[in-house]
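Undergrad: below is the sequence, then the predicted model.
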Amino acid sequence: MELFHAFTILIVLSAAFGYINERFLKLPVAIGLMMIALVMSLTMVSLGSVFPGVFDGLISLVRGINFSKVVMEVMLSFLLFAGALHVDIKTLAKERTPIMVFATLGVLASTFIIGGLMYAVFTFVGAKIDFIYCLLFGSLISPTDPIAVLAILKEAKLPKQLEVKIAGESLFNDGIAVVIFLSIYAIADRGVAEVTVAEISWLFLEETGGGLLLGLLMGYVGYQLLKSIDSYMVEVIITLAMVMGGYALATQLHFSGPLAVVVAGLIMNDRARSQAMSDTTREYVDMFWEMLDEILNAILFVLIGLEILAINFKIDFLWAGVVAIVVVLFARLISVGIPISLMRLRRDFVPNTVILLTWGGLRGGISVALALSLTEAMQRDIIVSVTYVVVVFSIIVQGLTISPIVKKMNISAAE
């Protein structure tokens with residue numbers, strides 16, 4: 001009953017904030033919901049210091065929600081599948097090389113750039129943090145968040161080629177980044193001497209390779225099932241079962257659930273959509289996943305705004321977070337700028353691609369969820385605080401300004 005109570009409150013808040021945003025603010029839904037929730041949270045904190053105990057019930061509720069578990073084990077699979085189901089598959093295939101470079105080498109390079117620079121930043125603000133924990137921060141903040149990116153790209157009207165690069169990268173780099181995070185987490189938790197290169201290599205192969213293969217299998221089985229019947233209700237349930245069952249199976253097999261779900265979604269998007277679904281089924285599948293995507297997005301961004309109630313902020317943490325914004329953007333600039341400079345020798349890119357990829361690479365709930373999964377011994381409080389500052393800046397400032405930047409650069413959405 002407590003879970004139902006918490007879910008009910010989140011739905012009510014999402015509906016209320018959504019109405020306020022649509023009626024008065026008229027911001028992109030994801031940004032508007034998070035901003036309202038954040039303002040409400042800060043107001044509660046301020047009033048709570050004057051009138052102690054007034055908001056203890058809601059604060060306890062927020063702190064009682066396992067944000068990391070909710071995002072990584074419940075919401076993520078549905079949101080990734082919905083994103084993969086609606087991405088432009090033909091453009092994605094054409095842009096597969098830069099997407100995979102950004103999602104692998106780019107994330108790895110960003111992890112070490114951020115880790116090295118933040119080690120210096122933390123030392124400067126008087127926070128003594130081991131280098132391995134700085135790398136952990138680098139790994140969790142490096143991936144662009146598919147949930148934030150896909151929610152905000154709908155409003156940005158980027159050129160299709162560039163939009164698919166950002167969306168495709170965000171779908172794949174999530175799975176890769178989690179593997180990198182788990183590898184560094186194992187080293188931090190057990191010690192460098194206790195973790196071998198072979199063990200890390202096997203973890204990467206098992207998670208990544210297993211996730212990709214399982215996704216192919218899920219997609220093929222789902223395609224065959226949909227092809228053999230014509231009942232939109234049953235076919236919608238089959239897609240839902242693919243996501244929930246496939247993600248649960250990936251977890252049990254120690255495969256990457258995010259990668260499995262993305263690959264299965266892309267197969268549904270490509271073969272199943274054109275060869276296994278009737279027009280009626282296609283319409284109902286699209287409507288179901290679009291509605292589920294919107295509802296879960298609303299809940300997630302409200303949760304992100306409320307999560308400040310569960311974070312122990314200190315002034316030094318805040319300043320470290322402000323500097324981290326610059327560090328993360330710099331690392332993003334380098335990790336996409338160098339590969340693009342090299343790939344330009346053989347392929348064309350939309351003008352100002354580096355700038356738009358840097359500014360459009362939003363961080364979101366996944367970074368916060370990974371930070372909250374750290375142990376106290378891993379300097380959890382400061383890493384969570386810094387991560388939250390970066391995520392809030394990314395969603396609000398970068399999310400609100402990406403469209404004006406595109407317009408100022410006079411880049412046509414048809415390019």
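TA: Here it is on my side, so go on.
Undergrad: and residue 82, what element?
TA: Secondary structure from DSSP states H and E places residue 82 in helix 76-86.
Undergrad: quick one, helices of the stretch 1-150 of the chain?
TA: Counting by DSSP state H, counting those that start in this stretch, the stretch 1-150 of the chain has helices at residues 2-20, 29-50, 56-64, 67-69, 76-86, 89-94, 96-101, 107-124, 131-141, 146-156.
Undergrad: quick check: which of the ones you listed is nearest to residue 334?
TA: helix 107-124 (6.0 Å; CB to CB). Any C-beta I mention is one placed from the backbone N, CA and C, and that applies to glycine too.
Undergrad: which helices and strands does that closest one pack with?
TA: In this structure, helix 107-124 packs against helix 131-141, helix 160-190, helix 315-343, with contacts taken as 3 or more CB pairs under 8 Å, 6 or more residues apart in numbering; DSSP states H and E.
Undergrad: can you tell me which of these is most buried?
TA: helix 131-141 (a mean of 25; mean count of other CB atoms under 10 Å).
Undergrad: returning to that earlier point: okay if I get the helices and strands packed on helix 107-124 as JSON lines plus distance to residue 117 and mean pLDDT?
TA: Shown next, in JSON lines, are the helices and strands packed on helix 107-124 (distance: least, CB to CB, whole Å; pLDDT from 0 to 100):
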{"stretch": "helix 131-141", "distance to residue 117": "9", "mean pLDDT": "96"}
{"stretch": "helix 160-190", "distance to residue 117": "16", "mean pLDDT": "90"}
{"stretch": "helix 315-343", "distance to residue 117": "5", "mean pLDDT": "95"}
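Undergrad: quick one: closest of the ones you listed to residue 25.
TA: Using CB to CB, the nearest of those to residue 25 is helix 315-343, at 23.6 Å.
Undergrad: touching the lowest-mean-pLDDT helix or strand in the chain from outside, list them.
TA: Ranked by mean pLDDT, DSSP states H and E, the helix or strand of the chain with the weakest confidence is helix 146-156, at a mean of 78. Defining contact as CB atoms under 8 Å, 6 or more residues apart in numbering, one finds that helix 146-156 is touched by 28-31, 75-76, 79-80, 83, 163, 166-167, 170-171, 174, 297, 300-301, 360-366, 394-395, 399, 402-403, 406.
Undergrad: please save the CA atoms from stretch 261-272 in CSV.
TA: Extracted as CSV, the C-alpha positions of stretch 261-272 are listed here (Å, rounded to 0.1, in the frame of the first residue of the first chain):
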residue,chain,number,x,y,z
VAL,A,261,15.7,-3.3,-25.0
VAL,A,262,17.2,-0.8,-27.5
VAL,A,263,18.1,-3.5,-30.1
ALA,A,264,14.7,-5.2,-29.7
GLY,A,265,13.0,-1.8,-30.1
LEU,A,266,14.9,-1.0,-33.3
ILE,A,267,13.9,-4.4,-34.8
MET,A,268,10.3,-3.7,-33.9
ASN,A,269,10.7,-0.2,-35.5
ASP,A,270,12.2,-1.6,-38.7
ARG,A,271,10.9,-5.1,-39.7
ALA,A,272,7.9,-5.5,-37.5
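Undergrad: before I go, just wanted to say thanks for your time.
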